[in-house]
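Undergrad: Got a predicted model here, sequence first, then my questions.
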Amino acid sequence: MRTRQVLDSPEMGQLVTRRWTVSLLLTAALFLAYYGFILLVALDKELLARRVGAVTTLGIPLAVAVIVVAWALTAIYVWWANRAYDPAVDELKRKLDS
């Protein structure tokens with residue numbers, strides 16, 4: 001299959017659409033987590049100043065949670081790419097080579 005045929009194929013269009021959809025959803029989730037935390041810092045300092053331990057305030061575990069969410073979203077993307085995206089790309093490459 002020629003390069004132009006692969007690029008114009010419905011499979012390529014679906015692959016690009018899926019990649020954009022997954023990327024945008026994960027980006028939106030990270031955006032909500034990060035900017036939600038920043039808005040909480042700006043708008044409700046009293047909530048974040050509440051003690052949850054002898055010296056720890058609620059802000060510390062919430063900040064750590066934002067970092068963990070970022071790692072988790074990255075892991076989700078890597079898992080999806082390894083399971084679905086990379087095999088589809090390999091299939092398109094195989095078609096290009098034949």
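TA: Good, I have the coordinates. Numbers count the residues shown, from 1 in each chain.
Undergrad: Quick check: chain neighbours aside, which residue is closest to the residue positioned nearest the centre of the chain?
TA: Residue closest to the mean C-alpha point of the chain, counted by CA atoms, centre = their mean, is residue 26 at 2.9 Å. In this structure, residue 26 finds its nearest non-sequential neighbour in residue 73, 4.9 Å apart by CB to CB, 6 or more residues apart in numbering. Backbone N, C-alpha and C define where each C-beta goes, glycine included.
Undergrad: Could you count how many residues lie near the one you found?
TA: The tally of other residues near residue 73 (other CB atoms under 10 Å) stands at 16.
Undergrad: That one and residue 30 touch, don't they?
TA: Yes - Residue 73 lies in contact with residue 30 (CB atoms under 8 Å); the separation is 5.4 Å.
Undergrad: Pull out the buried residues from stretch 34-46.
TA: Residues of stretch 34-46 classed as buried by neighbour count (16 or more other CB atoms under 10 Å): residue 37.
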